[in-house]
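1. Provided below for reference: sequence and predicted model.
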Amino acid sequence: MNFKKILFVGALACIIASAFAQEIKPYGFVRNYFTYDSHLSKSGTAELYNYLPLDRSLSEAGEDLNAIPTMKWASLTSRLGLDVKGYEYQGFKFSAKIEADFYSGLSGVTGTATFRLRQAYMDIASPKGHKFRLGQSWHPMAADIPDCIALEIGVPFGPFSRSPQLSATWKLSDRFSLLTAGTWQVQYTSAGPEGASANYQKYSMIPELYAGLNYSHEGLTARLGADMLSIRPRVKTATALIDESITTFSLFGYLQYSKGLFRLKAKSVLAQAGEHMNLFGGYGLSSINADGSREYTPTLTSSSWLSISYGKTYKASLFLGYANCLGTLEPLLPAMEGAKYAATSAYDNDAKKDLDTGNYLCKSAYPNLNSAFRIAPTLSWNVGKFFTLALEYQLTAAQYGDYVKLQSADGKISYTCVGLNGLATDNLHWVFNHRIQLMSKFTF
């Protein structure tokens with residue numbers, strides 16, 4: 001088949017597909033952020049995705065060397081998407097979404113963003129009101145977001161994750177439905193001995209499982225669900241295959257009430273090792289078996305947020321978030337015992353390098369983080385459905401404990417910041433970041 005025939009067949013296929021589709025709708029937006037921060041923070045995407053202020057780094061004079069103000073402007077996270085609807089077969093309705101944005105690829109605030117996949121899924125709705133989804137979409141615990149303009153939309157006070165999944169929403173009545181899902185890690189991954197990776201779930205061969213009950217009636221929406229994740233941090237040593245795993249469970253609740261121009265939202269999560277959903281916490285080493293395999297214990301973390309908003313053309317919003325670590329379910333192995341167990345998110349401010357904390361793993365935060373809160377009021381001006389100009393102030397505070405330097409008899413240096421209960425308690429102190437953010441957004 002020559003090139004002209006290939007073009008003809010391709011064009012014919014597009015015409016036939018278009019004839020069956022009732023609606024193909026492109027959408028997207030162009031967004032700009034102008035941001036001021038009073039303190040250096042753990043963040044990503046040109047430092048727009050704000051997580052928490054870094055722990056203090058004190059000089060000999062007692063100055064915090066991380067208390068450096070910064071200012072950034074970036075036209076990132078602009079988005080393009082395509083919604084396809086109108087396909088039907090024997091009462092079953094088919095639709096699809098593919099969505100991408102300019103996001104990853106930067107190093108700090110340097111460089112330019114690359115175009116990356118955000119969502120890509122298909123939906124099948126049955127005649128009885130059930131719906132099935134196959135593809136990459138929001139994790140069921142992360143889909144409901146607060147009313148704020150911040151790129152991180154509530155992290156680390158609520159889950160944030162999009163995952164390949166097979167989900168089903170079963171209609172039980174006009175008000176109740178049951179959501180079941182199996183998800184896999186790709187971009188948002190668990191911590192482990194080799195750093196953050198999707199390999200730990202890949203080797204477990206078990207999808208992350210979710211089940212939740214939904215209620216919706218006259219402006220009130222409520223959800224209650226549970227999630228289970230099983231991973232294998234290691235599958236072999238240098239000389240043999242080993243069998244080790246950790247299975248964690250998380251509980252989730254969400255409430256939303258809307259009436260007129262008023263809207264209230266609230267979410268709370270009790271998570272075991274929720275770092276794969278950008279919650280803080282992780283898991284640690286509790287014991288080492290005779291064959292070299294390890295036993296693990298997760299942290300238990302409580303994370304909650306409340307969002308209140310009023311208005312349409314002129315809109316005022318308030319976000320409140322709080323999270324704290326409740327410790328590990330079982331005692332940790334003392335930091336100097338056993339094999340090296342790296343926690344790459346532990347950082348030595350003096351040596352400017354990562355530390356071996358000996359017994360604890362996390363990804364989204366730091367091992368010495370105890371608790372955090374955020375207060376964020378927002379004012380926005382909305383011109384129709386196509387233009388928004390918004391100003392947001394964020395006060396984010398993190399409570400840290402000090403690291404303790406340990407040295408074994410053979411001279412090996414290690415650091416620990418948590419007790420055997422997984423909690424940072426030594427010289428607890430608060431660090432604050434004040435963020436002022438101006439956003440413009442043109443939606444099409």
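-> Okay, I see it. Please read these numbers as outputs of a predicted model, since none were measured by experiment.
2. Against residue 274, how distant is the residue nearest the centre of the chain?
-> Nearest to the geometric centre of the chain sits residue 160, at 2.7 Å (C-alpha atoms, centre = their mean). Per C-beta to C-beta, to the nearest Å, residue 160 is found 10 Å from residue 274. Heads up, the C-betas are built off the backbone N, CA and C, glycines and all.
3. Same question for residue 35.
-> 26 Å.
4. Next: residue 71.
-> 32 Å.
5. do residue 286 as well
-> 18 Å.
6. Can you pick out the residue with more neighbours from the two?
-> In this view residue 286 and residue 274 are compared by other C-beta atoms under 10 Å, and residue 274 has more residues nearby, 29 against 20.
7. pretty sure residue 209 is in a strand, no?
-> Yes. According to DSSP: H, G, I helix; E, B strand; the rest coil, residue 209 belongs to a strand.
8. Hmm, residue 227 and it touching each other?
-> Yes. Contact criterion C-beta atoms under 8 Å: residue 209 and residue 227 qualify, at 7.1 Å.
9. who's more crowded, these two?
-> Taking other C-beta under 10 Å, residue 209 and residue 227 do not tie; residue 227 has more neighbours (25 against 15).
10. The more buried one: helix or strand, and which one exactly?
-> According to DSSP states H and E, residue 227 maps onto strand 220-231.
11. by contact count, what packs against that strand?
-> Packing partners of strand 220-231 (3 or more C-beta pairs under 8 Å, 6 or more residues apart in numbering; DSSP states H and E): helix 199-204, strand 208-217, strand 246-259.
12. What residues are bridge-paired with residue 398?
-> Taking DSSP bridges as the rule, residue 398 bridges to residue 372, residue 431.
13. So it versus residue 284, what's the distance?
-> Counting by C-beta to C-beta, the gap from residue 398 to residue 284 is 20 Å.
14. Same question for residue 42.
-> 20 Å.
15. Return, as residue ranges, the portions of this structure with sub-threshold pLDDT.
-> 1-21, 104-105, 107-108, 335-360, 364, 405-417 (pLDDT under 70).
16. For it, just list every one of the helices.
-> 3-20, 199-204 (DSSP state H).
17. Residue 65 against residue 59, yeah?
-> Yes. If you go by C-beta under 8 Å, residue 65 and residue 59 touch, sitting 5.7 Å apart.
18. Between those two, tell me which one has more neighbours.
-> Using other C-beta under 10 Å, the more surrounded residue of residue 65 and residue 59 is residue 65, with 12 against 8.
19. And residue 281, its phi and psi?
-> phi 130, psi -170 (degrees, to the nearest 10).
20. Count the neighbours of it for me.
-> If we define neighbours as other C-beta under 10 Å, then residue 281 has 32 of them.
21. For residue 53, see how far away it is.
-> From residue 281 to residue 53 the distance is 18 Å (C-beta to C-beta).
22. Tell me where the stretch 301-444 of the chain has strands.
-> 314-328, 347-348, 353-354, 360-362, 369-383, 387-400, 404-407, 413-416, 429-443 (DSSP state E, counting those that start in this stretch).
23. Of those, give the one that comes closest to residue 181.
-> Closest of the strands of the stretch 301-444 of the chain to residue 181 is strand 314-328, at 23.9 Å (criterion: C-beta to C-beta).
24. and the direction of that closest one versus that of strand 387-400, what angle?
-> Put simply, strand 314-328 runs at 30 degrees to strand 387-400, going by axes from the mean of the first three to the mean of the last three C-alpha atoms, to 10 degrees.
25. For strand 314-328, list every residue counted as buried.
-> 315, 317-325, 327-328 (16 or more other C-beta atoms under 10 Å).
26. same thing with stretch 259-277?
-> 263, 265-277.
27. now do stretch 299-319
-> 299-309, 315, 317-319.
28. and of those residues, the nearest to residue 249?
-> residue 300 (10.0 Å).
29. Give the closest residue to the closest one in space, chain neighbours not counted.
-> Of all residues not flanking residue 300 in the chain, residue 326 sits nearest, at 4.3 Å (C-beta to C-beta, 6 or more residues apart in numbering).
30. And residue 321, by the same measure?
-> residue 157 is the one closest to residue 321 (C-beta to C-beta, 6+ apart), at 3.0 Å.
31. Next up, the contacts around the one you found.
-> 303-305, 321-323, 372, 374 (C-beta atoms under 8 Å, 6 or more residues apart in numbering).
32. If we use 10 Å, what do you get?
-> Neighbouring residues of residue 157 by C-beta atoms under 10 Å, 6 or more residues apart in numbering: 146, 267-269, 279-280, 303-306, 319-323, 372-374, 396.
33. Measure how buried the nearest residue to residue 241 once chain neighbours are set aside is and give me the count.
-> Nearest residue to residue 241, sequence neighbours excluded (C-beta to C-beta, 6+ apart): residue 235, at 6.6 Å. Neighbourhood size, residue 235 [other C-beta under 10 Å]: 15.
34. For residue 235, grab phi and psi.
-> Main-chain dihedrals, residue 235, degrees, to the nearest 10: phi -120, psi -10.
35. Surely it touches residue 294?
-> No. With contact defined as C-beta atoms under 10 Å, residue 235 does not count as touching residue 294 (11.9 Å).
36. quick revisit: residues touching the residue nearest to residue 300, list them.
-> 270, 281, 299-302, 371, 421-423.
37. What of residue 175?
-> 214-218, 220, 222.
38. Just the buried residues from these, in ChimeraX please.
-> Buried residues among the contacts of residue 175 (16+ other C-beta under 10 Å), as a ChimeraX selection:
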select :214,222
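39. which one of the contacts of residue 175 is nearest residue 174?
-> residue 217 (7.8 Å).
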